[in-house]
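> Structure, please.
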Amino acid sequence: MDNTPTTGTSTTAAPGLLAGKVAFVTGAGRGIGAAAARLFAREGARVLLAARTEAQLKAVTEEIRAAGGTAEYTVCDLADPVGVRAAVDRTVDLYGRLDVAFNNGATIQRPGPMDRMPEADFDHVYTVNLKGVWLAMKAQVAAVRATAGTGAIVNNSSVGSLMGNPELPAYGAMKRAVNSLTESAAVTYGPEGIRVNAIAPGGTATEMIRTWEADSPGVSERIAAQTPLRRAADPGEIAQAAAWLLSDRASYVTGTVLRVDGGLRA
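Numbers count the residues shown, from 1 in each chain. Modelled structure (predicted):
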């Protein structure tokens, strides 16, 4: 057997993690969603970015295209049921199918005890962080069924859903409900070949945590100090976990809530 190393230039690069797939990403204008959209495109997916702010969506989409990826965007408010369904349908209109979806979009509440939270604020967190995910999943399951036949969905939860969350009680409650929706959907749609998982990020360097920091100075340092890795995650690190769960390499993983928290809940 000849063990001489090959030095030619004909080596074929391995296909991307999401090669050939069509991906839909909410909250894709910034933070984890934007990092995911960039990563999914680099890994070979054609991506539809959805979020509320067109300027942010346009900037990320143009960045992806400049790097050689395929991306389009649509403005979508997760509080608008008609808009959520239209955004998913636009993915199919543009690319002919839907294979995978990352339900990342969310809103945060003003930190504080639950008895001081205005009812209107609670309703808004519910509408975006729970109902919006439910609406998106319904549309995504229908689109996958009608086109690709099988596929995968990942919902972005939070490590704050896995414990008492006195500073963000409504946020934590809605994310815990997302975990339950994820598990129920995995059992319901698994026989059809549709996998559904969630990720539970720990402290991540995004605008959302900066907003929390503005209301609760020192919270970022406190979270980092409680995290064994002693730092916040980069949004791209969270996106990597979502990409793997959406890929065929996670073909036997469904119904899980994967902690991506630097060991915070270890």
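
> Please, where are all the helices along the stretch 1-150 of the chain?
With DSSP state H, counting those that start in this stretch, the ranges of helices along the stretch 1-150 of the chain come out as 31-42, 54-66, 81-95, 119-126, 132-146.

> Could you export the ones you listed as TSV, including mean pLDDT and mean neighbour count?
Where you see a C-beta, it was placed from the backbone N, CA and C, and this is true even at glycine. Below are the helices of the stretch 1-150 of the chain laid out as TSV (pLDDT from 0 to 100; neighbours: other Cβ atoms under 10 Å):
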stretch	mean pLDDT	mean neighbour count
helix 31-42	97	27
helix 54-66	98	16
helix 81-95	97	19
helix 119-126	97	14
helix 132-146	98	21
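
> how about those helices, which one is nearest residue 163?
Nearest to residue 163 among the helices of the stretch 1-150 of the chain is helix 119-126 (17.7 Å), distances taken as Cβ to Cβ.

> which secondary structure elements does the closest one contact?
Applying 3 or more Cβ pairs under 8 Å, 6 or more residues apart in numbering; DSSP states H and E, one finds that helix 119-126 contacts helix 169-189.

> The helix it packs on vs helix 132-146, what angle?
For helix 169-189 and helix 132-146, the angle between their directions (axes from the mean of the first three to the mean of the last three Cα atoms, to 10 degrees) works out to 20 degrees.

> Next, the angle from helix 169-189 to helix 119-126.
Going by the same axes, to 10 degrees, helix 169-189 is angled at 30 degrees with respect to helix 119-126.

> nearest to residue 220, of the helices of the stretch 1-150 of the chain?
helix 31-42 (14.5 Å).

> Show residues contacting the closest one.
Around helix 31-42, the neighbours that count as contacts under Cβ atoms under 8 Å, 6 or more residues apart in numbering are 16, 18, 23, 25-28, 47, 49, 51, 56, 60-61, 63-64, 67, 69-71, 100, 102, 104-105, 156, 201, 204, 206-208, 234-236, 238-240, 242-243, 246.
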